[in-house]
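Undergrad: Okay, sequence plus prediction incoming.
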Amino acid sequence: MTSSETCGDNFSREAINKMRIGLSAIREINASVKMLSLNARIEAARAGDVGKGFAVVSEEMKRLSDDIQVTAEKLDGEISGTEHEMATAEENARGNRLSDLAFNAIEILDRNLYERTADVRWWATESAFVEACADEANEEKARLAVKRMDIILKNYTIYKELVLADKDGRIIANGRPGQFPLEGSNISAERWFSGAAATANGLEYFVQDIGPCTLTRDNAVIYAAAVREGGLTNGRVTGVLAVIFDWKQAEYIVKNVRLLENDKAGSRVILFNNSGKVIAASDGKGELVEDVSTITGIKKALAGEKGFSIERVGGKKTLVAFACTPGYETYRGLGWGCAIMVPA
């Protein structure tokens, strides 16, 4: 919501408040008129024939008072209707704005992950990695591969680690051997290894969804591609290269969604996977433990919708703005979504 929209809403609410004050004044005046009319009728009745003329005036005052009351009730209904329309419009504007932010957050992450698919396929053709896999027993070539990985990691801080394995699943090199002593480990049982090794050509890759990583001992998304003989697209598979995405990047995204000041208090931004489990949260809680699939807004997001819902979450009335992954370019995404939950 822009500052001009906020000013417009404030002006509208101020106008409604002024109408309410005016209506209250009319009712107070009308109550006095009713009281005067009643007193006049009483006095006219006491005066008998002498007071008949005044009785006519008092009856006219009563009729006028009744008309004012009907008009006031009608005006009250119209003001209430306008207030409801304004509240609905504000709620829709707020919900749509927040759902746009949710969409933007998941799209940013998808764009980021799309680039990881490009990186791993490109680096799988690197001569240092191709040669190390072609001659996996050559320690000099393995050291050269480690040096190349070290350069990549220094320039691509979004990666936790890079791992190169031969065709049998034995790790030849990794980029941070001091932090993760992985050389010689056999990872042939890892899904990312078998998935990448089974790809049809160098244009394909395998992605292992967010989960515990046995190599870095934390949660990670792993992208892997086959290293092929001669670095050729249709060459024989000689190894597998994996890039381990630093999941703190996702945490940074949810913690830096640009909420308006009046939306920040009590807010929570989450990313969730295709089964409805939290995979990142602005409050740092629930990663791969909390199940949010029963929340109506999350259900709609998992069904491919974008929008917002008003519902009770944790016993509190909550606006849940949501969006599902749109994918990016050739990256279809992993069925993830983003939700922004604020007090309604």
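TA: Yep, it's here. Numbers count the residues shown, from 1 in each chain.
Undergrad: where along the protein do the strands fall?
TA: Taking DSSP state E as the criterion, the chain carries its strands at 159-166, 171-174, 206-213, 218-228, 237-246, 268-272, 278-281, 307-313, 316-324, 337-343.
Undergrad: For the closest residue to Ala40 other than its chain neighbours, give me its contacts.
TA: Using C-beta to C-beta, 6 or more residues apart in numbering and skipping the chain neighbours, the partner closest in space to Ala40 is Ser58 (3.5 Å). Placement of C-beta: from N, CA and C, glycine included. Ser58 makes contact with 37, 40-41, 44, according to C-beta atoms under 8 Å, 6 or more residues apart in numbering.
Undergrad: So for stretch 175-195, what gets flagged as buried?
TA: Across stretch 175-195, burial judged by 16 or more other C-beta atoms under 10 Å covers 175-176, 180, 182, 187, 190, 192-193, 195.
Undergrad: no no, stretch 249-268
TA: For stretch 249-268, the neighbour count (16+ other C-beta under 10 Å) marks 249-251, 253-254, 257, 259, 263, 267-268 as buried.
Undergrad: got it, and stretch 20-39?
TA: Using 16+ other C-beta under 10 Å as the test for burial, stretch 20-39 gives 23, 26, 30, 33-34, 37.
Undergrad: any idea which of those is closest to Asp76?
TA: Within those, proximity to Asp76 (C-beta to C-beta) peaks at Leu23, which comes in at 6.1 Å.
Undergrad: That closest one reaches Asp76, doesn't it?
TA: Yes - if you go by C-beta atoms under 8 Å, Leu23 and Asp76 touch, sitting 6.1 Å apart.
Undergrad: Taking the buried residues of stretch 249-268 together, which two end up most distant?
TA: Pairwise distances across the buried residues of stretch 249-268 peak at 23.5 Å for Gln249 and Asp263 (criterion: C-beta to C-beta).
Undergrad: Relative to Val221, how far out is Thr117?
TA: Using C-beta to C-beta, to the nearest Å, Thr117 is found at 11 Å from Val221.
Undergrad: I should have written Thr233 there, sorry.
TA: From Thr233 to Val221 the distance is 25 Å (C-beta to C-beta).
Undergrad: Repeat that for Met149.
TA: Met149 is 18 Å from Val221, by C-beta to C-beta.
Undergrad: Ok, Ile172 next?
TA: For Ile172, the distance to Val221 - C-beta to C-beta - is 22 Å.
Undergrad: how distant is the helix or strand of the chain with the lowest mean pLDDT from the center of its chain?
TA: Using mean pLDDT, DSSP states H and E, helix 3-47 stands out as the lowest-scoring helix or strand of the chain, at a mean of 72. Centroid displacement of helix 3-47 relative to its chain, using C-alpha atoms, centre = their mean, to the nearest Å, is 46 Å.
Undergrad: which secondary structure elements does it contact?
TA: With contacts taken as 3 or more C-beta pairs under 8 Å, 6 or more residues apart in numbering; DSSP states H and E, helix 3-47 sits against helix 52-123.
Undergrad: The helix it packs on to strand 337-343, inter-axis angle?
TA: Angular relation of helix 52-123 and strand 337-343 on a 0 to 180 degree scale: 150 degrees, by axes from the mean of the first three to the mean of the last three C-alpha atoms, to 10 degrees.
Undergrad: what's the average pLDDT for helix 52-123?
TA: For helix 52-123, the mean per-residue pLDDT is 86.
Undergrad: Among the strands of the chain, which comes closest to Thr125?
TA: Nearest to Thr125 among the strands of the chain is strand 218-228; the distance by C-beta to C-beta comes to 7.7 Å.
Undergrad: The closest one: how far from the chain's middle?
TA: The answer for strand 218-228 is 26 Å, by C-alpha atoms, centre = their mean.
Undergrad: quick one: strands adjacent to it?
TA: If you go by DSSP bridges, strand 218-228 pairs up with strand 206-213 (antiparallel), strand 237-246 (antiparallel).
Undergrad: returning to what we had before: out of the contacts of Ser58, which one sits closest to Ala105?
TA: Of all those, Ala105 sits closest to Ser37, with 64.4 Å by C-beta to C-beta.
Undergrad: For the closest residue to Pro326 other than its chain neighbours, give its distance to Ser275.
TA: Leaving aside its sequence neighbours, Pro326 sits nearest to Glu107 (C-beta to C-beta, 6+ apart; 5.8 Å). Per C-beta to C-beta, Glu107 is found 21 Å from Ser275.
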